[in-house]
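*Asks:* Got a sequence here, can you build the structure:
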Amino acid sequence: MSAISVVIPAHDEATVIERALTALVDTHAEIVVVANGCSDRTAEIARDFDTDAVAATVRVLELEHGSKIKALNAGSADVSAYPVAYVDADVIVSGAVLTEIAGRMDEVGALVAAPRMIVLPSRSWWVRQYYRVWALTDYRASGHIGSGVYILSSTGRARFEEFPDVIADDLYVQRLFAPHERFTPAGLTFSVHAPGTLRALLGRNTRIAAGNQELAVRFPELTPPATSVGGARSLLSRVWRRPSLWAGFAVYTAVYLTAHRRAARLLRSRASISWNRDHTTREQTT
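*Replies:* Here you go, the predicted model:
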């Protein structure tokens with residue numbers, strides 16, 4: 001019997017799916033790759049992945065149309081073990097990390113959990129400056145669930161039926177649970193590549209902002225009290241005494257404001273941005 005199940009929604013992820021699977025098979029896990037609307041070799045690579053020397057098993061489901069939400073729901077229906085981890089194909093996380101966190105959820109009374117995120121450096125000076133300041137935000141300091149990886153216990157998964165058709169599935173899941181029901185242990189991490197260009201960073205942050213705004217409209221009962229003013233003041237107080245961060249603060253502010261304006265415009269026009277993904281991170285090989 002598997003210690004944990006892992007669902008990987010994968011849409012044209014041939015460049016990274018082997019890397020994701022290699023990281024995950026260091027523990028006893030049931031891994032379900034849901035290749036949805038793929039026009040590349042994602043399903044073939046996952047299906048041919050060699051698990052002879054490891055305890056993990058890998059199954060592949062193929063969906064005709066590209067939809068992360070449909071992939072999450074199909075993967076959820078196919079797993080046989082809990083807790084279940086939902087892992088984006090472009091993140092790097094160890095199966096052992098997921099298993100350790102899953103094993104500690106009961107003892108701390110958590111229904112949802114995630115490792116802590118490490119952002120790998122970008123080749124772009126602008127993007128590096130942005131993340132120097134981002135690292136000081138209240139968002140970064142809090143126990144955040146999501147950003148590519150989250151784990152649900154069987155009780156946590158029972159809190160909702162199917163994943164709704166939203167941009168920010170991870171934020172939706174986080175907001176279903178009170179802070180005392182979440183678990184983000186220190187020392188257990190996963191990695192994501194920072195966007196390779198300023199343009200890619202703007203696209204990524206526009207998608208995040210649109211997901212936040214969409215949830216506020218569709219699920220207002222899940223929206224926490226606004227803290228943006230206090231958060232901005234808190235960040236400014238941290239940056240003000242460090243002149244080396246002033247340039248980064250200017251970049252961070254410009255990206256934040258631009259992304260939020262673009263997100264609002266996209267939502268008003270009902271433009272599709274659910275698969276507005278960052279190809280620069282998929283060019284990385286680490």
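*Asks:* what bits of the stretch 51-200 of the chain have low per-residue confidence?
*Replies:* Scanning the stretch 51-200 of the chain for pLDDT under 70 picks out 141-143.
*Asks:* 80 - rerun?
*Replies:* Within the stretch 51-200 of the chain, the ranges that satisfy pLDDT under 80 run 51-55, 138-146.
*Asks:* Please, which helix or strand holds F190?
*Replies:* Assigned by DSSP states H and E, F190 belongs to strand 189-193.
*Asks:* residues in contact with that strand?
*Replies:* Contacts to strand 189-193, defined as Cβ atoms under 8 Å, 6 or more residues apart in numbering, come from residues 90-94, 97, 114-120, 122, 147-149, 280-281, 284, 286. (C-beta placed from N, C-alpha, C; glycine too.)
*Asks:* Repeat that for stretch 59-79.
*Replies:* 5, 7-12, 30-38, 43, 46-47, 84, 86, 157, 162-166, 169, 274-275.
*Asks:* Which ones among the contacts of strand 189-193 map onto strands?
*Replies:* Among these, the ones falling in strands (DSSP state E) are 116-120, 149.
*Asks:* how about L201, what does it touch?
*Replies:* 122, 124, 126-127, 130, 194-195, 255 are the contacts of L201 under Cβ under 8 Å, 6+ apart.
*Asks:* how much space between V6 and P224?
*Replies:* Using Cβ to Cβ, to the nearest Å, V6 is found at 29 Å from P224.
*Asks:* Please name the residues that touch the residue positioned nearest the centre of the chain.
*Replies:* Nearest to the mean C-alpha position of the chain, counting by Cα atoms, centre = their mean, stands G148 at 1.6 Å. If you count contacts by Cβ under 8 Å, 6+ apart, G148 has them with 87-88, 90-91, 117, 170, 190, 192.
*Asks:* quick one on the thing from earlier: so for V6 and P224, which residue has more residues nearby?
*Replies:* Higher neighbour count among V6 and P224: V6, with 31 against 8, using other Cβ atoms under 10 Å.
*Asks:* of the ones in strands among the contacts of strand 189-193, buried ones?
*Replies:* 116-117, 119, 149 (16 or more other Cβ atoms under 10 Å).
*Asks:* Grab the two from these that are most spread out in space.
*Replies:* The largest separation in those, counting by Cβ to Cβ, is between V119 and V149 at 13.3 Å.
*Asks:* SS state for A200?
*Replies:* helix (DSSP: H, G, I helix; E, B strand; the rest coil).
*Asks:* residue boundaries of the strands in the stretch 1-150 of the chain?
*Replies:* Applying DSSP state E, counting those that start in this stretch to the stretch 1-150 of the chain gives strands spanning 4-10, 29-36, 57-63, 84-87, 112-113, 116-120, 149-152.
*Asks:* Tell me how far the helix or strand following the last one lies from the chain's centre.
*Replies:* Beyond strand 149-152 on the C-terminal side, the first helix or strand identified by DSSP H and E is helix 154-157. Here the centre of helix 154-157 is set off from its chain's centre by 19 Å, with Cα atoms, centre = their mean, to the nearest Å.
*Asks:* Would you mind writing the CA trace of helix 154-157 as CSV?
*Replies:* Presented in CSV, the C-alpha positions along helix 154-157 are these (Å, rounded to 0.1, in the frame of the first residue of the first chain):
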residue,chain,number,x,y,z
SER,A,154,-8.7,12.4,3.5
THR,A,155,-10.7,14.6,5.9
GLY,A,156,-9.4,17.7,4.2
ARG,A,157,-10.2,16.4,0.7
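*Asks:* Quick check: buried residues in that helix?
*Replies:* Residues of helix 154-157 classed as buried under the neighbour-count rule (16+ other Cβ under 10 Å) are 156-157.
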